[in-house]
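>>> Sequence and predicted structure below; questions after.
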Amino acid sequence: MKKKLLCVALSAVLALSMAGCGLFGVKNDAPVPENAPSKAPSEDTTKSEEAKTDEPAKEQEKKPFTNDGIILVNPYRYNMTSLYVFNEDGSLADTYDLEPISEKLKESENESYTYLTYCDGIFFFSGYKYEDGDSYKKLVAYDSATDEITDVIYWGSDNIYDVEAYDGKLTCSLSTSDYSSWTVKCFEKEENSLTFREASPKYSDIYDQVSTYNVTNIERGCSMEHFLDKNGGFIASEGDKYYLVNADGSIEELTYLQDNFYSLQGNSKYACFTEHDDSYKTMGTFCMDLSTGEKKKLSDLSVITMGFENGIFYFAEKEDTEFNVFDLTIKSYNTATDELNTLFEKKTVPATEMFESVVTGFTLSDNKVFYTDIDEGKAKIYCADLADGKVSNETCTDLVTQTFTPYDYGTVEYRTVASYCPNCGIPLTQAYAETFVLDSKYSEHADEINASLKEHSDNFLAEYESPKESWLGEDEMNNCEGHQEYPDQYDMTDTDQVENVGIIDDHYLFIDTTGYWYGGGAHGMPSRGQHLFDLTTGKELNLTDFYKGTLEDYKALVAQKTKEDYESYASKGEVSPYFAENSQEVYDTAYESVQLDMNVYFREDGIIYYFYPYEMGSYADGFRDIFISYKDLLGRDNL
Ligand SMILES: [Zn+2]
């Protein structure tokens with residue numbers, strides 16, 4: 001029995017649908033609501049049952065266990081929370097929330113699951129756990145139609161990567177934990193059952209032959225089987241020599257390729273890579289003809305690689321125009337025609353933290369490209385036609401992958417300042433500030449509020465307008481040797497960014513800010529802040545405008561709530577993020593640290609008191625957030 005794509009996809013929708021979210025199960029050409037990917041799994045599946053009956057049966061025949069005819073798009077690239085499935089014509093087939101699945105797969109708190117791929121209603125995740133000093137990985141399948149879970153590869157020490165449903169099989173590469181040897185495994189799925197049987201890979205002889213070669217140099221973006229089929233060969237190294245391993249089993253030494261590159265992509269004829277000199281200084285990005293060693297320079301920069309398809313290399317150039325401000329240019333290089341094309345040019349959008357929005361989720365198919373871009377304060381998926389490495393018909397799908405709240409209430413502006421060494425011109429301080437600008441429709445006092453916010457930014461930037469002698473020391477100010485040798489270590493940088501904006505009880509406007517200070521060393525220090533305004537007066541407010549108790553009572557309240565947070569880890573059997581080893585110690589440390597009018601976020605139903613990294617726990621554990629309701633703090637339900 002041949003499966004029909006749509007039926008399978010709809011069963012998946014049943015298991016994963018969001019209550020009240022119209023996206024799931026809508027027809028491909030229907031407009032899509034903006035709040036598409038929801039976070040919480042639904043408890044109500046009946047709604048999508050109705051959606052199913054609305055759906056006209058589609059007789060789209062498809063070979064079992066391949067993704068022919070569909071394109072899988074992950075708009076987050078590194079943080080896989082949603083999967084969007086598109087048809088070849090660029091229309092949306094389905095979207096899935098991946099977070100409920102990874103939660104479902106967890107058998108204990110020390111396991112984590114990462115989405116790998118999808119095919120025919122089945123989701124594949126890699127599992128990771130750290131136990132008694134060793135790490136273990138597994139490959140697990142989840143059937144969204146039946147809610148079944150099965151291990152394709154059980155917990156072991158091997159690394160599992162390049163996982164793809166290709167040519168009717170699930171294919172992956174496995175390497176020993178030290179990457180000293182590798183192999184390819186294929187699995188066939190039994191019809192009507194979530195059972196996977198190991199099958200022989202098409203190129204098993206080749207894998208056996210070069211199992212000790214290093215294949216981690218080349219970026220593939222697909223399974224090894226698929227890569228060999230489409231490119232006719234792959235580059236591998238052994239010792240300091242590079243080889244071309246051909247699909248016919250022959251192996252040639254690549255005498256022109258030196259050990260001075262990274263980000264390698266290519267096929268059996270061309271290799272594209274960024275080259276560095278002996279001191280790891282970037283020499284530029286090149287395309288090399290593997291048979292002649294002839295190199296063409298594609299960029300002066302180290303680039304972000306985006307893909308290599310049909311002999312065309314896709315990459316992004318990221319250029320700093322000011323501190324924390326970038327221009328991003330996506331280009332393609334066609335090895336067959338020697339043509340270099342610009343696909344898109346994008347600029348930093350303040351308060352989105354998505355400098356590389358176009359890179360995010362960049363997905364190539366034979367005749368389409370998908371990527372994320374910012375439109376009116378929202379990250380949306382875009383689609384464009386692709387032919388010979390050139391794009392046309394850029395269209396916004398209106399699928400919102402992320403909403404940036406500042407743009408719901410106004411807009412965001414940015415400014416930068418920098419100071420330079422008077423002798424050699426190297427930057428000594430650089431700062432970037434974002435300023436929220438409230439739309440006048442929210443308050444008669446918008447001008448006053450905006451003036452206050454601008455003043456906060458002015459004060460922040462003023463700190464970095466001239467070199468800080470107190471920081472560098474007088475000697476360093478007049479001595480260029482140190483900062484020329486280690487420019488990053490002597491360049492003090494800071495950011496103050498708008499993260500989140502909201503209105504409480506139609507009365508109070510809050511603007512959450514975030515920042516990152518760096519002044520040399522392994523890492524810098526994150527910062528947080530909040531500005532709260534009364535929309536009816538335009539005045540900025542603090543905690544003590546609401547809280548009329550004593551400092552001691554406030555300290556005791558926050559310390560008590562912090563102690564309860566500490567104790568919750570023990571009761572859940574989770575690893576504590578606190579330095580302290582008992583409740584009293586947590587209480588005492590918190591009590592000592594708490595001050596009025598500091599480290600507070602106002603929210604709808606209470607405040608969040610936050611401790612900075614190192615105050616209660618390690619740098620890696622970050623900020624510690626303690627919620628205190630207005631009931632507990634003010635003795636009333638609202639602010
Ligand atoms: Zn200097």
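It's in.

>>> Now do the contacts for residue 604.
Each residue near residue 604 by CB atoms under 8 Å, 6 or more residues apart in numbering is listed here: 502, 504, 505. From N, CA and C alone the C-beta is placed, and that goes for glycine too.

>>> Out of these, which end up buried?
The neighbour count (16 or more other CB atoms under 10 Å) marks 502, 504 as buried among the contacts of residue 604.

>>> In contact with residue 589: list those residues for me.
Contacts of residue 589 by CB under 8 Å, 6+ apart are 579, 580, 615, 616.

>>> could those residues be laid out in CSV, adding neighbour count, secondary structure and distance to the ion?
Conversion of these to CSV gives the following (neighbours: other CB atoms under 10 Å; DSSP: H, G, I helix; E, B strand; the rest coil; distance: CB to the ion, whole Å):
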residue, neighbour count, secondary structure, distance to the ion
579, 14, coil, 40
580, 18, coil, 45
615, 16, coil, 36
616, 23, coil, 40
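
>>> which pair in the residues you listed spans the largest distance?
Within the contacts of residue 589, 580 and 615 form the most distant pair, 10.9 Å apart (CB to CB).

>>> And the residue nearest to residue 570 when sequence neighbours are not counted, its phi and psi?
Take residue 570 and drop its neighbours on the chain: the residue closest to it by CB to CB, 6 or more residues apart in numbering is residue 576, 7.1 Å away. With angles defined as degrees, to the nearest 10, residue 576 sits at phi -80, psi 130.

>>> Go ahead and confirm residue 576 touches residue 569.
Yes. The criterion here is CB atoms under 8 Å, and residue 576 meets it with residue 569 at 4.4 Å.

>>> ok, those two, which is more surrounded?
residue 576 (16 against 13; other CB atoms under 10 Å).

>>> Now do the residue nearest to residue 367 when sequence neighbours are not counted against residue 73, distance only.
Nearest residue to residue 367 in three dimensions, chain neighbours excluded: residue 386, at 5.6 Å (CB to CB, 6+ apart). Using CB to CB, to the nearest Å, one gets 14 Å for the distance from residue 386 to residue 73.

>>> Can you show me the strands along the stretch 1-150 of the chain?
70-73, 82-87, 92-97, 111-119, 122-131, 134-143, 148-156 (DSSP state E, counting those that start in this stretch).

>>> now those strands in JSON lines, with distance to residue 409?
What follows is those, written out as JSON lines (distance: least, CB to CB, whole Å):
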{"stretch": "strand 70-73", "distance to residue 409": "30"}
{"stretch": "strand 82-87", "distance to residue 409": "25"}
{"stretch": "strand 92-97", "distance to residue 409": "27"}
{"stretch": "strand 111-119", "distance to residue 409": "33"}
{"stretch": "strand 122-131", "distance to residue 409": "37"}
{"stretch": "strand 134-143", "distance to residue 409": "39"}
{"stretch": "strand 148-156", "distance to residue 409": "43"}
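
>>> Buried deepest among these, which one?
Highest mean neighbour count among those (mean count of other CB atoms under 10 Å): strand 92-97, with a mean of 23.

>>> From the contacts of residue 604, pick the one nearest residue 590.
Of these, the one sitting nearest to residue 590 (CB to CB) turns out to be residue 504, at 25.4 Å.
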